[in-house]
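# Provide a 3D model corresponding to the input given below.
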Amino acid sequence: MTVSEKSLANAIRALSMDAVQAANSGHPGMPMGMADVATVLFGDYLKFDPKAPKWADRDRFVLSAGHGSMLIYSLLHLTGYAKPTMEDIANFRQLGSPCAGHPENFELAGVEATTGPLGSGLATAVGMAIAERHLNAQFGDELVDHHTWVLAGDGCLMEGINHEAIGLAGHLNLGRLIVLWDDNKITIDGSIDLSSSEDVRARFAATGWHVVSCDGHDVADVRRAIDEALADPRPSLVACATKIGYGAPNKAGTSGVHGSALGEAEVAAAREFLGWTAEPFVIPEDIAAAWRAIGAKGGDAHALWADRLGSSAQKAEFERRMAGELPAGFSLEAYIDTLIANPQKVATRKASELALGAINDLLPETLGGSADLTGSNNTKTKSTGPLTRDDYAGRYVYYGIREFGMACAMNGMALHGGVIPYGGTFLVFSDYMRAGIRLAALQQTRAIHVLTHDSIGLGEDGPTHQPIEHVMSLRMIPNLDVYRPADIVETAECWELALKDATGPSVLALTRQNLAQLRTEKSENLSAKGAYRLKAAQAGRKVVLVATGSEVEIAVATAALLEEQGIGADVVSMPSWAHFEAQPQAYKDDLLPHHVLRCSIEAGTTFGWERYVGIAGLRFGLDSFGASAPAEVLYDHFGLTAAKIAPKIVAALD
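Residues are numbered from 1 along each chain as shown. This is a model prediction of the structure:
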């Protein structure tokens, strides 16, 4: 006897309401409302193989409305993924269960992206769609030919990042991107008309999207709409009219079913309404078998693809790139040797551009970009022509003024695999993209952020553009490497470190103003230690000056003034706090001994530097906003010159 699609969908509904009820926490409404749409998508359209969750040419499915996480957990279990087990689902939202409150890519194979912050999943999917088209242009249809599907709710389409994401997707004509909108007209506060009266369909259409509507509870109508979306060359929005919490007879269609358990009485009523007689966390065998058969269908497509890969001349290169492995022996040592032989005084943003010139020639997988600041961020090189709707093989994305959208798109590219994304903007605008950077760190994605104009040294643009607290605040994000290199050599070293770390994102905080090359002798990658002794004291050591970025040059000048007075001063360059923290305690104690005066110099907030200089140490920086003036005037005004720092150190020693 054939199992009806309504029964298949009801399995999702049952698992969702049972798991949320057991946890007494969660969001049953969306999974129950979108169960019919999800059944059609997984049953007839999505290309996937539960036995090979990382198959490179699988379709990507992103649950942007991540609060409805029980939808994806139910689907993964029902279609035959090894995880989650039924026990995992029964322990939904409990410590140790991979079924976290919101989907996390590092917990479960089949969860393509960590979602929850609304809109970010859709923006991440845009990056996946870009990566798919880019790799298709490089490797051809036989190896790369898949779609990116997104399930988004009203909240995803309200958040500002949605506007950034769909504008970019429409501009690039990402026709392999299809968004299934849970158009249920309910938010947590109540009916959507409490807060919104916009014409969402018109907005998507205005940005170059194809738009189609359907009844989300009529499987034939859902198929019609998806078929229409697949036939259109533009990215598509499929507006699925649904009733949130469908099946709960007293709460469906209300905000009461959005973010809390139904309650035992309503769960019982829903079982009766749906005709679902099985016990909690039990799926009748005929329905379970039908779902497993859906999951098994992708095996044939996967096998055919594997045959094509096996006979492809590009097999080794494709597998290397999808595995995220750099070419054997990758190193910037030869490039750094040229810097040692020919010292240069350049801004570290320019130093980054020079390093990228070597990197982009060595690594065909790099995919760069900038949020409308290409000429200021110096992120484009000769190897990176523009990626456009007419040429997806290009290696440079013009993101426009879309910092947050750029950050999440980069996450999507990194999660998709096959590319290493980097993107630039001003450091001060990391405020706009912080949530995307944080998600990169949480998802352990190799996304590299080139954040220039990193201090008051940018000068005349003034305090709105001068970052003060930004470097320190970024250092607080777990699993984010923040590099602030002091010269052209450190910049190259930091780039190499960022590229070699496939387990998390990096920030390179770079100057607008020119900096002297302080490293003029060949050595190992000293930035890998996070901090190192750039200059040892000549007289008896009484002071250690620890500095980052442009202020290392000031520390060197300060040390010279102190040495003239018989005060021995070490200079420590600290391009990365995180790498320094990873060093043995003996190394850290040797570099920053407690028996001498320790002083920090950084053109930003002094907050946090007591960690390294102690309560009795001196912290030179600024704990106010900047001002509009030339860089050299500002450094003098805020006391960040050797002539103003040295006397304060002498006074402290006295």
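# just the helices in the stretch 101-250 of the chain please.
Read by DSSP state H, counting those that start in this stretch, the stretch 101-250 of the chain holds these helices, from start to end of the chain: 120-139, 154-158, 160-171, 200-206, 219-231.
# for the protein, which spans come out with low pLDDT?
Flagging of the chain using pLDDT under 70 yields the residue ranges 1.
# which residue is nearest the middle of it?
Centrality entry for the chain: nearest residue to the mean C-alpha point is Ala440, 2.9 Å, by C-alpha atoms, centre = their mean.
# all the helices of the stretch 401-550 of the chain, residue numbers only.
For the stretch 401-550 of the chain, the helices defined by DSSP H, counting those that start in this stretch occupy 403-416, 430-443, 470-475, 488-500.
# and of these, who's closest to Cys599?
Judged by C-beta to C-beta, the one of the helices of the stretch 401-550 of the chain that comes nearest to Cys599 is helix 470-475, at 16.9 Å. Every C-beta, even on glycine, is put in place using the N, C-alpha and C of the backbone.
# what about Ala38, which SS state?
helix (DSSP: H, G, I helix; E, B strand; the rest coil).
# next up, the contacts around it.
Each residue near Ala38 by C-beta atoms under 8 Å, 6 or more residues apart in numbering is listed here: 9, 12, 71, 75, 151.
# closest one to Thr445 out of these, please.
Sorting the contacts of Ala38 by distance to Thr445 puts Leu151 at the head of the list, at 20.9 Å, by C-beta to C-beta.
# identify the bridge partners of that closest one.
When bridges are taken as DSSP bridges, the partners of Leu151 come out as Leu63, Leu180.
# right, and the helices of the stretch 401-550 of the chain - which one's nearest Ile340?
helix 488-500 (7.2 Å).
# which elements pack onto the closest one?
In terms of contact count using 3 or more C-beta pairs under 8 Å, 6 or more residues apart in numbering; DSSP states H and E, helix 488-500 is assigned the packing partners helix 333-341, helix 348-362, strand 481-483, strand 506-509.
# how big is the angle separating it from helix 333-341?
In terms of direction (axes from the mean of the first three to the mean of the last three C-alpha atoms, to 10 degrees), helix 488-500 departs from helix 333-341 by 170 degrees.
# for helix 488-500, buried residues please.
Buried residues in helix 488-500, counting neighbours by 16 or more other C-beta atoms under 10 Å, are found at 488-499.
# so Leu157 makes contact with Trp181?
Yes. With contact defined as C-beta atoms under 8 Å, Leu157 and Trp181 form a contacting pair (6.6 Å).
# please say which of these two ends up with more neighbours.
Counted by other C-beta atoms under 10 Å, Leu157 and Trp181 do not tie: Trp181 has more neighbours, with 29 against 26.
# which residue packs closest to the more buried one, ignoring adjacent ones?
Of all residues not flanking Trp181 in the chain, Ala239 sits nearest, at 4.9 Å (C-beta to C-beta, 6 or more residues apart in numbering).
# count of residues packed around that neighbour?
One way to gauge burial is a neighbour count; for Ala239, by other C-beta under 10 Å, it gives 20.
# quickly note the distance from it to Arg203.
When C-beta to C-beta, to the nearest Å is the yardstick, Ala239 and Arg203 sit 12 Å from each other.
# on that earlier part again, contacting residues for the residue nearest to Trp181?
181, 183, 200-201, 211-214.
# one more: Lys588?
So Lys588 contacts Phe580 (C-beta under 8 Å, 6+ apart).
# make it 10 Å
Neighbour list for Lys588: 529-531, 580-582, 612 [criterion: C-beta atoms under 10 Å, 6 or more residues apart in numbering].
# not counting its neighbours along the chain, what's nearest Thr79?
On the basis of C-beta to C-beta, 6+ apart, the spatially nearest residue to Thr79 that is not a chain neighbour turns out to be Gly295, at 3.2 Å.
# what sits in contact with each of Ala239 and Arg203?
Common contact partners of Ala239 and Arg203 (C-beta under 10 Å, 6+ apart): 157, 211.
# ok now stretch 73-91, how far from the chain's centre?
Centroid separation for stretch 73-91 versus its chain: 26 Å, with C-alpha atoms, centre = their mean, to the nearest Å.
# now that stretch: buried residues?
The neighbour-count criterion (16+ other C-beta under 10 Å) identifies 73-81, 83-84, 88-91 as the buried residues of stretch 73-91.
# and that stretch, C-alpha only, in PDB?
What follows is stretch 73-91, C-alpha atoms only, in PDB (Å, rounded to 0.1, in the frame of the first residue of the first chain):
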ATOM      1  CA  TYR A  73      16.300  17.000  12.500                       C
ATOM      2  CA  SER A  74      13.200  15.100  11.500                       C
ATOM      3  CA  LEU A  75      14.100  15.000   7.800                       C
ATOM      4  CA  LEU A  76      17.700  13.800   8.500                       C
ATOM      5  CA  HIS A  77      16.500  11.000  10.800                       C
ATOM      6  CA  LEU A  78      13.600   9.900   8.500                       C
ATOM      7  CA  THR A  79      15.700   9.800   5.300                       C
ATOM      8  CA  GLY A  80      18.400   7.600   6.800                       C
ATOM      9  CA  TYR A  81      21.300   9.800   8.000                       C
ATOM     10  CA  ALA A  82      23.300   8.100  10.700                       C
ATOM     11  CA  LYS A  83      22.500  11.000  13.000                       C
ATOM     12  CA  PRO A  84      20.300  12.100  14.600                       C
ATOM     13  CA  THR A  85      19.000   8.900  16.200                       C
ATOM     14  CA  MET A  86      15.600   8.800  17.700                       C
ATOM     15  CA  GLU A  87      17.300   9.000  21.100                       C
ATOM     16  CA  ASP A  88      19.000  12.300  19.900                       C
ATOM     17  CA  ILE A  89      15.600  13.700  18.900                       C
ATOM     18  CA  ALA A  90      14.000  12.600  22.200                       C
ATOM     19  CA  ASN A  91      16.800  14.600  23.900                       C
END
